[in-house]
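**Student:** with the sequence up front, the predicted model follows.
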Amino acid sequence: MSQRKSGFTVIELLIVVAIVAILGGVVFGSVGSCGSSGAKANKEAQAFGREMGLTVKGVTCMDYDTNGDGYVSCTLNTVEQGMLPIECARSWSWNSGCRAAMVLRR
């Protein structure tokens, strides 16, 4: 009589560990870049203000792109013109830099 061993071979375990590691890297890599959108946009907004010749007192940017256009909404607080609405590129988009936000007035 031959006895059948139950369990996994070393090769099977290595394959499973490799697959889990790859999936984990993809998931955590994309989640990590989501939270940094506001930080990148803050730096972009400050540089945008300096390029425009403005004295920047502060910048506030959203963490998320609410309309899916690759830009997050920011408010640039300047000495010369006060609060300016702008939009700056988020960290995980094809866009770069900042642009003037379109403000709808009634």
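**Tutor:** Structure's in. What do you need? Residues are numbered from 1 along each chain as shown.
**Student:** quick one, grab the pLDDT at residue 53.
**Tutor:** In this model, residue 53 is scored at 91, pLDDT.
**Student:** work out for me the element it sits within.
**Tutor:** For residue 53, there is no host helix or strand (DSSP states H and E).
**Student:** for it, what are phi and psi?
**Tutor:** phi 80, psi 20 (degrees, to the nearest 10).
**Student:** now do residue 100
**Tutor:** Given degrees, to the nearest 10, the pair of backbone angles that residue 100 has is phi -70, psi 140.
**Student:** quickly list what it is bridged to.
**Tutor:** Bridge pairing for residue 100 (DSSP bridges) gives the partners residue 86.
**Student:** burial of it, as a residue count?
**Tutor:** As a burial measure, residue 100 scores 11 neighbours (other CB atoms under 10 Å). The C-beta positions use only the backbone N, C-alpha and C, and glycine is treated the same way.
**Student:** after the helix or strand bottoming out on mean pLDDT in the chain, next one along is what?
**Tutor:** Least confident helix or strand of the chain, by mean pLDDT, DSSP states H and E, is helix 10-34 with a mean of 75. Moving toward the C-terminus from helix 10-34, the next helix or strand (DSSP H and E) is helix 37-51.
**Student:** give the buried residues for that following helix.
**Tutor:** Going by neighbour count (16 or more other CB atoms under 10 Å), the buried part of helix 37-51 is 37-38, 40-42, 44-46, 48-49.
**Student:** identify the bridge partners of the residue lying closest to residue 54 once chain neighbours are set aside.
**Tutor:** Leaving aside its sequence neighbours, residue 54 sits nearest to residue 78 (CB to CB, 6 or more residues apart in numbering; 4.3 Å). Beta bridges link residue 78 to residue 56, residue 82 when assigned by DSSP bridges.
**Student:** my guess is residue 78 contacts residue 55. True?
**Tutor:** Yes - with contact defined as CB atoms under 8 Å, residue 78 and residue 55 form a contacting pair (6.1 Å).
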